[in-house]
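S.K.: sequence and predicted model, in that order:
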Amino acid sequence: MNVSGVSLHSGVTLIVATRKGLFFVQATSDRSRWTLLEPVFLGHICHHAVLDPRDGRTLVAAAVTGHLGPTIFRSDDAGQTWHEAQRPPAFDKAKPGTTPRVVDHTFWLTPGHVSQPDVWWAGTSPQALWKSSDAGNTWESVRGFNDHPDYELRTEDPQAGTPDGPILHSILVDPRDANHLYFGLSGGGVYESCDAGESWTPLNHGMAITNQDPGGDMEIQPSSIEWKEMGPDHDPHCVQMHPLNPDVLYQQNHCGIYRLERPASTWKRIGRNMPANVGDIGFVVGLHPRDADTCWVFPMDGTDVWPRTSPGGIPAVYATQDAGKTWHPQTRGLPERGWFTVKRQGMSVDGGEPAGVYFGTTSGEVWGSVDEGQTWACLARHLPEIYAVEAVVVA
Amino acid sequence: MKVFIPDALRSYTAEARCVEANGDTLDELLVDLDRRFPGIRFRMINEQDEMRPHVAFFVHGAKTRDLNAGLAGSDEVIIMQALSGG
């Protein structure tokens, strides 16, 4: 299936994936004005769409509808024309005595290492990792994880998972080593591979677990009898690797904000330094493109039945410039009151000087700051529920 | 034989609402349909060869959820796509 698309000019663009299609918001060269373009795949549920930074022209988008099966669309001309993948992610036909698995939707897309120009990675619900070696046209199961004997111990039962299904997300490729990968499982924890996905090791020490810590107030260490090294009690919502210092990882977890500096393997809960009345629950974390000690989060209310809106109904980005030792709110320009959520793919940071920080809301607004969070402006509104925002540079 | 395509799948058939495809069973017909319009089958049939929910097939007016249902050359197959939701 081929689909006509949009005409993008070169420069900073926000790719906004929503519950009802894919949108593009384009900036002028000084990022002072933003233009919302007409939607692509209107009516499709688009969980993620990514521009390949290796060529600045290839786009890959994950799409599904309410009733049709999941698929992948690709564009190699910066969104002007789109073609459906010949073989989207799909499990093998189940052998007798095994549990049949059916891909519900592709949730996450990550371009591969710069040395492998046609490689892409994808994460799905149910939780599985997929690799494409032809720029997203055909996808192969990564059997080192998907068919591992411990698969059911590591992952979350699709029938018992999060409301939108358990997901594999935050696929990270070490820019120094194409064989070094991470991903997150909600629920299930963080995993690392040093052999291009052939084998995976849990990387969860230091992380609180959900069932014992619903409010994020109690940290359970590996020495506790209740703590497990892997399994669906771990719930990293979003994991990010610093582009210039790939040893630095940040994580917004169901139970708090964490930082890890490799080769250490125990996450440190830097969210404990957030104001007590705000807490450190949320979905997103965005990293500064150059300073590995700076990041942004968007705290949400994780009390009672977890409204997942801003604490007190006061939308606020919180930033740290010292690796989480201190945090300060950045609210100038944001509404004084608001009741929306920013989902785990909903924040992105561009490489500009100063860096631009952007987030999309479940109420269909795109907010941006081109001065690293000091002031905010609404760049687009009245969109469908936003799942993902990616700040990219079109060639 | 004639196969009627629902709105939601006509992006695969260049907007044609009625196309030709052949097969001795519904399964064979859908394989042939996918050969002519690549990708259309997976939107209706999952990787376990199960019909996706809310996709219905009518063979000569009778609804079936059996991919092994036999077809004759004179049959018409209508694919119906539920559009419930919000």
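M.R.: Nice, thanks for sending it over. No experiment lies behind these values; they were computed from the predicted model shown.
S.K.: can you show me the helices along the chain?
M.R.: Going with chain A. For chain A, applying DSSP state H gives helices covering A:143-146, A:151-154.
S.K.: my bad, chain B
M.R.: For chain B, the helices defined by DSSP H cover B:26-36, B:40-44.
S.K.: nearest to chain A, of the ones you listed?
M.R.: Nearest to chain A among the helices of chain B is helix B:40-44; the distance by CB to the nearest CB comes to 4.1 Å. In this view, the C-beta of every residue, glycine as well, is placed from N, C-alpha and C.
S.K.: elements contacting the closest one?
M.R.: helix B:26-36 (3 or more CB pairs under 8 Å, 6 or more residues apart in numbering or on different chains; DSSP states H and E).
S.K.: now the helix it packs on: buried residues?
M.R.: B:26-30, B:32-34 (16 or more other CB atoms under 10 Å in any protein chain shown).
S.K.: ditto for stretch A:376-392
M.R.: Buried-residue list, stretch A:376-392, by 16+ other CB under 10 Å: A:376, A:379-380, A:383-392.
S.K.: same question, stretch A:261-270
M.R.: Neighbour count says stretch A:261-270 has A:267, A:269-270 buried, by 16+ other CB under 10 Å.
S.K.: with stretch A:122-142 instead?
M.R.: For stretch A:122-142, burial by neighbour count (16+ other CB under 10 Å) applies to A:122-132, A:135-139, A:141-142.
S.K.: and the buried residues of stretch A:376-392, which is closest to residue A:67?
M.R.: When the buried residues of stretch A:376-392 are ranked by distance to residue A:67 (CB to CB), residue A:384 comes first, at 17.5 Å.
S.K.: right, and that closest one touches residue A:19 too?
M.R.: Yes - the pair residue A:384 / residue A:19 is scored as a contact, 4.8 Å apart, by CB atoms under 8 Å.
S.K.: where does chain B come near chain A, residue by residue?
M.R.: B:8-9, B:11-12, B:37-40, B:42-50, B:52-55, B:81-85 (CB under 8 Å from any CB of the partner chain).
S.K.: from the buried residues of stretch A:122-142, which land in strands?
M.R.: A:122-125, A:128-132, A:141 (DSSP state E).
S.K.: spell out which residues of the stretch 1-150 of chain A are next to chain B.
M.R.: For the stretch 1-150 of chain A, the contact set with chain B under CB under 8 Å from any CB comprises A:1, A:3, A:65-69, A:71, A:84-86, A:88, A:90-94, A:100-103.
S.K.: just the buried residues of those.
M.R.: Here, 16+ other CB under 10 Å leaves A:1, A:3, A:65-69, A:71, A:84-85, A:88, A:90-91, A:101-103 buried among those.
S.K.: for those, which two are the farthest from each other?
M.R.: Greatest spatial distance among these (CB to CB): A:3 and A:101, at 28.1 Å.
S.K.: for the spatially closest residue to residue A:194 that is not a sequence neighbour, what are its contacts?
M.R.: Nearest residue to residue A:194 in three dimensions, chain neighbours excluded: residue A:180, at 5.6 Å (CB to CB, 6 or more residues apart in numbering or on different chains). Residue A:180 makes contact with A:173-174, A:192-194, according to CB atoms under 8 Å, 6 or more residues apart in numbering or on different chains.
S.K.: coming back round to it: sitting in strands, which of the buried residues of stretch A:261-270 do you find?
M.R.: When the buried residues of stretch A:261-270 are checked against strands (DSSP E), the matches are residue A:269.
S.K.: which of the buried residues of stretch A:261-270 lies closest to chain B?
M.R.: Minimum distance to chain B across the buried residues of stretch A:261-270 is 35.7 Å, recorded for residue A:267 (CB to the nearest CB).
S.K.: I figured the closest one hits residue A:205, correct?
M.R.: Yes - the pair residue A:267 / residue A:205 is scored as a contact, 6.8 Å apart, by CB under 8 Å.
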